[in-house]
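S.K.: using only what follows, build the 3D model:
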Amino acid sequence: MTKNVDAFMENIKAKNPGQKEFLQAVEEVVESLMPVLDKNPKYKQAKILERMVEPERVIMFRVPWVDDDDEIQVNRGFRIEFNSAIGPYKGGLRFHASVNLSILKFLGFEQVFKNSLTTLPMGGGKGGSDFNAHGKSDNEIMRFCQSFMSELYRHIGPNTDVPAGDIGVGGREIGFLFGQYKKLVNRFEGILTGKGRNWGGSLIRPEATGFGTVYFTEEMLKIKKESLKGKVVALSGFGNVAWGAAQKIDQLGGKVVTLSGPDGYIYDKDGINGEKIDYMLEMRASNNDIVKDYADKFNVPFYKGKRPWEVKCDIAIPCATQNELFEEDAKQLVDNGCICITEGANMPCTPEAVELFQNAKTLYAPGKAANAGGVAVSGLEMSQNSMRFNWSSEEVDEKLHKIMRDIHEQCVKYGTNGNYIDYVKGANIAGFIKVADAMIDQGVV
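M.R.: Below is the predicted model:
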C-alpha cells in the first residue's frame, strides 16, 4: 500500500474497530482510487472518499417473534442506507446467523459501486438479520418476517429505499415481508423487488444474478478469443446465484461439475443440467443448507468439509458467500489450468487469492461488476412497478445482457493496463466517478 492509502486506512480502522469485512472492502477500493484522487483535486477537496465510506444512515432494531412452541425469540435487524447520490437506496436483505454490522456495511459499500455500474438510478444499501431459517417451519419464518417488517417499514419506500432478497431471503420471505408492509401502510407499492410474478415481480429476477455473472464471464472470455462452449465450470453454493449460473452455462454449452454447501461439495462429472438444476430449488426450499442430498439423489461423490476449488476446471465461479476462496485454493486453480475466475457472490475471494490471480494474469472479475445482474433486474422490476407494466422474459433477458456488456466495457475502459485488464481497478473507478460527480453536484449533504 502507498503512504496515502496507509494513512486513510488507519483512520478508517480507528473508526470501525473489529469490522474486518467492511475494512477489507474499503481497502480494496481505496487502493484503486487513490491515484484517481491524486489526479482530480476536486474529489480530494470535497472529501468524497471520506464521505463515501460513511453510511448516510445505520438502522439497528430488535426483532421479537414467537416460535411454534410459544417461546419468544429475539433477533437483531439491520438496514444500512449507505449512499443515495444517484437514486433511492437499493440492496438486499440477508437472513443468516453470520449477519452482523461489519458484513452488512461491507455489502452496502460494495452495493454503491455495483449499482452505479448498472447505469440505473439506484443508490446503495443493505440489510438483514442474524435469523437462521435452518429447522424453522414456514409459520415461524412468516412470524419472523412480519416482526422484522413491523420495524423496517418506517424506513423504506418506493422513492426512499427498496430492499430485495439475498442469502436466506427468497420468494417466500419476500412475500411475507411484502404482505406485512401492505397491511401496515394500506398501500400496494413497489417497496421490495424479487416479488412473485403474479403480484408485481419481474420475469427472470430469481435467475438474474447467475445469468448476469455468466454473461460477464462470456465477455471476459471473448478478450481471449474463447467461449463457454465445451468449458468445464466449478460452482460453489447451490442457491439462486448458482442455480441461475448453472442454467445459463448449460444453455451456452458449458458443463457445471460442482456445487457446494457448508457440509462440503459434490462432483458430478456428467454435468449439472435438466432435473438436476431443478433439484437445486428443492434443496434450497428445504432449509437444511446441505448439499449432500444432491449426492444421495444422483449417486455422485460427496467430499465432506472440502471446497470445490481442488477440482480441475476451466472456469471457477464462487457463488456462496464472502471469503470462501483462499490463497491455497487460488494456487490450486491456477496450477490446474483454470483460465477465468468470476465472482458470483460478494467478495468471495480473499485479498491474497485476488493478488495471486492478478499476478498470474488470469482473467478475474470482482462481484461488484460480475454479479450486478441481480440488482440490475431489480432496477428493471422497479421500472415495471412504476409503469404498472410487465416486460416478457425475453425482453428482460435482453436488457440484462446489454447491461452486463456495458459494465464489462466500463471495466475495460478504466482497468486496461498494457495487455492485462485489471477488472478490480476498472470496476472501482467506473463505479466511483458517477457517484462522486453526483455528490459534488448536490453539495455537502
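
S.K.: how far does stretch 197-205 stretch from one end to the other?
M.R.: 9 Å (C-alpha to C-alpha, to the nearest Å).

S.K.: that stretch: which residues count as buried?
M.R.: Of the residues in stretch 197-205, 200-205 count as buried by neighbour count, 16 or more other C-beta atoms under 10 Å. Heads up, the C-betas are built off the backbone N, CA and C, glycines and all.

S.K.: and which of those residues is nearest Ala360?
M.R.: For those, the minimum distance to Ala360 (C-beta to C-beta) is 34.2 Å, reached by Ile204.

S.K.: which single one of the buried residues of stretch 197-205 is nearest to Phe188?
M.R.: Sorting the buried residues of stretch 197-205 by how near they are to Phe188, with C-beta to C-beta, puts Gly200 at the top with 7.9 Å.

S.K.: Val63: which element?
M.R.: strand 57-66 (DSSP states H and E).

S.K.: the following helix or strand past that strand packs against which elements?
M.R.: Next helix or strand after strand 57-66 toward the C-terminus (DSSP H and E): strand 72-83. For strand 72-83, the contact count by 3 or more C-beta pairs under 8 Å, 6 or more residues apart in numbering; DSSP states H and E identifies strand 57-66, strand 89-95, helix 101-117, strand 124-129, helix 138-152, strand 161-164 as packing neighbours.

S.K.: and the gap between Tyr265 and Val162?
M.R.: 35 Å (C-beta to C-beta, to the nearest Å).

S.K.: over to Gly367?
M.R.: Relative to Val162, Gly367 is positioned 20 Å away (C-beta to C-beta).

S.K.: quick check: domain ranges of this structure?
M.R.: With automatic domain parsing serving as the domain definition, the record reports that the chain contains domains spanning 1-54+425-445, 57-192, 208-370.

S.K.: now those in JSON lines, with distance to Thr416, mean neighbour count and mean pLDDT?
M.R.: What follows is these, written out as JSON lines (distance: least, C-beta to C-beta, whole Å; neighbours: other C-beta atoms under 10 Å; pLDDT from 0 to 100):
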{"stretch": "domain 1-54+425-445", "distance to Thr416": "7", "mean neighbour count": "17", "mean pLDDT": "95"}
{"stretch": "domain 57-192", "distance to Thr416": "16", "mean neighbour count": "20", "mean pLDDT": "97"}
{"stretch": "domain 208-370", "distance to Thr416": "10", "mean neighbour count": "20", "mean pLDDT": "97"}
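
S.K.: a markdown table for the helices and strands packed on strand 72-83, including distance to Leu333?
M.R.: A markdown table is the format used below for the helices and strands packed on strand 72-83 (distance: least, C-beta to C-beta, whole Å):
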| stretch | distance to Leu333 |
| --- | --- |
| strand 57-66 | 37 |
| strand 89-95 | 27 |
| helix 101-117 | 23 |
| strand 124-129 | 29 |
| helix 138-152 | 37 |
| strand 161-164 | 30 |
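
S.K.: of all these, which one is nearest Val5?
M.R.: Of all the helices and strands packed on strand 72-83, it is helix 101-117 that lies closest to Val5, at 16.2 Å by C-beta to C-beta.

S.K.: which secondary structure elements does the closest one sit against?
M.R.: Taking 3+ C-beta pairs under 8 Å, 6+ apart as contact, the helices and strands that helix 101-117 lies on are helix 20-39, strand 57-66, strand 72-83, strand 89-95, strand 124-129, helix 367-370, helix 373-387, helix 423-441.

S.K.: quick one: that helix to chain centroid distance?
M.R.: Once both centres are worked out by C-alpha atoms, centre = their mean, to the nearest Å, helix 101-117 turns out to sit 9 Å from its chain's centre.

S.K.: contacting residues for the closest residue to Gln358 other than its chain neighbours?
M.R.: Nearest residue to Gln358 in three dimensions, chain neighbours excluded: Tyr364, at 6.3 Å (C-beta to C-beta, 6 or more residues apart in numbering). The neighbourhood of Tyr364, defined by C-beta atoms under 8 Å, 6 or more residues apart in numbering, consists of 340-342, 349, 354, 357-358, 423-424.

S.K.: residue contacts, Phe326?
M.R.: Taking C-beta under 8 Å, 6+ apart, we find Phe326 in contact with 350, 352-353.

S.K.: give me that answer again for 10 Å
M.R.: Taking C-beta atoms under 10 Å, 6 or more residues apart in numbering, we find Phe326 in contact with 307, 309, 332, 349-350, 352-353, 356.

S.K.: for the closest residue to Glu381 other than its chain neighbours, give me phi and psi.
M.R.: On the basis of C-beta to C-beta, 6+ apart, the spatially nearest residue to Glu381 that is not a chain neighbour turns out to be Ser202, at 3.8 Å. Dihedral angles phi and psi of Ser202 (degrees, to the nearest 10) take the values phi -100, psi 140.

S.K.: wait, doesn't Ser202 sit right on Met387?
M.R.: No: with contact taken as C-beta atoms under 10 Å, Ser202 and Met387 are classed as non-touching, separated by 11.8 Å.

S.K.: number of residues surrounding the nearest residue to Gly200 once chain neighbours are set aside?
M.R.: The spatial neighbour of Gly200 that comes closest, neighbours along the chain excluded (C-beta to C-beta, 6+ apart), is Asn385 at 5.6 Å. In terms of burial, Asn385 registers 22 neighbours under the definition other C-beta atoms under 10 Å.
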